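> just need the structure, nothing else, for what follows:
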Amino acid sequence: MSSSAKSTYDVNKIINLEGRRALIIGAGRGIGKKIAHYFAQAGAGLTLVSRTEAELELVKKEILNETGSVVDVFAADATDEYSISKIFFSLQGLDILVNVAGTSAQVPAEQYNKDLFSRIYGLNCHALFFACAQAYPLLCKSKTGGRIINISSHLGVVGLPLRTIYCSSKAAVIHFTKTLAVEWAKDHITVNSIAPGYTNTELSQLVLNKSDFRDEVLSKTPVGFIAETDDIAGAAVFLASSSSRYMTGQTLVIDGGWSCV
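Below is the predicted model of the structure:
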């Protein structure tokens, strides 16, 4: 390009989500809450879902104070297909779906428990897949191209003792993402996932507050610190925006280098 040529790119559009509607399931706290804040600041209209109404109302108030945007909130269990179906039915349109809700447990593999397995796979896999299927007809109508962002985990890429059920469920999320991306590409829907490493959230503090475990995590994290939710939310904005239109079926592993060593 000659020095006199003008660029046709506007860097401000990279994170512009104005005119787009996003549904975030698992937005009451942690990574989901931070993604909601980032999306609102980028101009997206929001519908937020979480089990706890009080948490949702707090997020709603915070976003209103920050951006002046009014968001819709629904208290619902992500595994309750009837409630989730009602939420999708109420939407006038949808451009972006973010599946954040998930759960974990530490249990030796030889102490396998059917109820525990069902609980983890029910939320981490089945509820996520059901939400994608419910979103499909709406995303097909998106004028900007549909976007699905699934939250997996770096433990879906590597193993960790006592978490066989959790790790395998998050690996399944990664492969759900790949397969749906291939199947729905013809409908102008991209499907990507984010695999965060250990991140400072209300839930992770239950284990990170234990000094021995925190030291173990840091010893396996080359960058030498625990992620903040901001470190994950920025990637979600990219995947929701037009800047990622040529990217689908991929997983962004944001783990401070854990999976590299």
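> in the longest helix that the chain contains, which residues are buried?
The residue-count maximum for a helix in the chain (DSSP state H) belongs to helix 164-184. Neighbour counts over helix 164-184 (16 or more other C-beta atoms under 10 Å) mark 164-174, 176-178, 180-181, 184 as buried. All C-beta atoms are positioned from the backbone trio N, CA, C, and that covers glycine.
> poorly predicted segments of the stretch 1-150 of the chain, please.
Residue ranges of the stretch 1-150 of the chain with pLDDT under 70: 1-9, 12.
> make it 80
1-15 (pLDDT under 80).
> all helices for it, in order.
Counting by DSSP state H, counting those that start in this stretch, one finds helices in the stretch 1-150 of the chain at the ranges 30-41, 53-67, 81-90, 114-121, 128-139.
> quick one: the next helix or strand after the longest helix of the chain to helix 164-184, angle?
Once the chain leaves helix 164-184, the next helix or strand it forms, by DSSP states H and E, is strand 189-196. Relative orientation of strand 189-196 and helix 164-184, computed by axes from the mean of the first three to the mean of the last three C-alpha atoms, to 10 degrees: 160 degrees.
> show me what strand 189-196 packs onto, helices and strands only.
helix 128-139, strand 146-151, helix 164-184, helix 229-240, strand 251-254 (3 or more C-beta pairs under 8 Å, 6 or more residues apart in numbering; DSSP states H and E).
> who's in contact with residue 38?
233-234, 236-237 (C-beta atoms under 8 Å, 6 or more residues apart in numbering).
> average model confidence for the longest helix of the chain?
In this model, helix 164-184 has a mean pLDDT of 98.
> over to stretch 212-222?
Computed over stretch 212-222, the average pLDDT equals 95.
> distance between that stretch and the chain's centre?
Stretch 212-222 sits 24 Å away from the centroid of its parent chain (C-alpha atoms, centre = their mean, to the nearest Å).
> please save the CA atoms from it in CSV.
Provided in CSV are the C-alpha atoms of stretch 212-222 (Å, rounded to 0.1, in the frame of the first residue of the first chain):
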residue,chain,number,x,y,z
ASP,A,212,-1.1,-25.4,49.0
PHE,A,213,-3.4,-25.6,46.0
ARG,A,214,-2.8,-22.0,45.0
ASP,A,215,0.9,-22.6,45.1
GLU,A,216,0.5,-25.7,42.9
VAL,A,217,-1.6,-23.8,40.4
LEU,A,218,1.0,-21.0,40.2
SER,A,219,3.8,-23.6,39.8
LYS,A,220,2.1,-24.9,36.7
THR,A,221,1.3,-21.4,35.3
PRO,A,222,4.3,-19.9,33.4
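> buried residues in it?
Neighbour-count burial for stretch 212-222 flags 217-218, 220-221 (criterion: 16+ other C-beta under 10 Å).
> dump the residue contacts of residue 24.
Counting by C-beta under 8 Å, 6+ apart, residue 24 makes contact with 32, 35-36, 39, 46-49, 98, 100.
> same list (the residues you listed) but as TSV, adding neighbour count.
As requested, these are exported to TSV (neighbours: other C-beta atoms under 10 Å):
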residue	neighbour count
32	28
35	29
36	31
39	29
46	26
47	22
48	28
49	26
98	28
100	27
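> dump the residues you listed into CSV; add distance to residue 139 as well.
Below are the contacts of residue 24 laid out as CSV (distance: C-beta to C-beta, whole Å):
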residue, distance to residue 139
32, 19
35, 18
36, 19
39, 16
46, 16
47, 14
48, 18
49, 16
98, 12
100, 17
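> residue 95 reaches residue 148, doesn't it?
No. Residue 95 is beyond contact range of residue 148, at 10.4 Å (criterion: C-beta atoms under 8 Å).
> find residues that contact each of the two.
residue 139.
> what about these two, which has more around it?
residue 148 (27 against 23; other C-beta atoms under 10 Å).
> what's the spacing between residue 16 and residue 66?
Residue 16 sits 17 Å away from residue 66, going by C-beta to C-beta, to the nearest Å.
> next one: residue 158
Remark: distance between residue 158 and residue 66 (C-beta to C-beta) = 36 Å.
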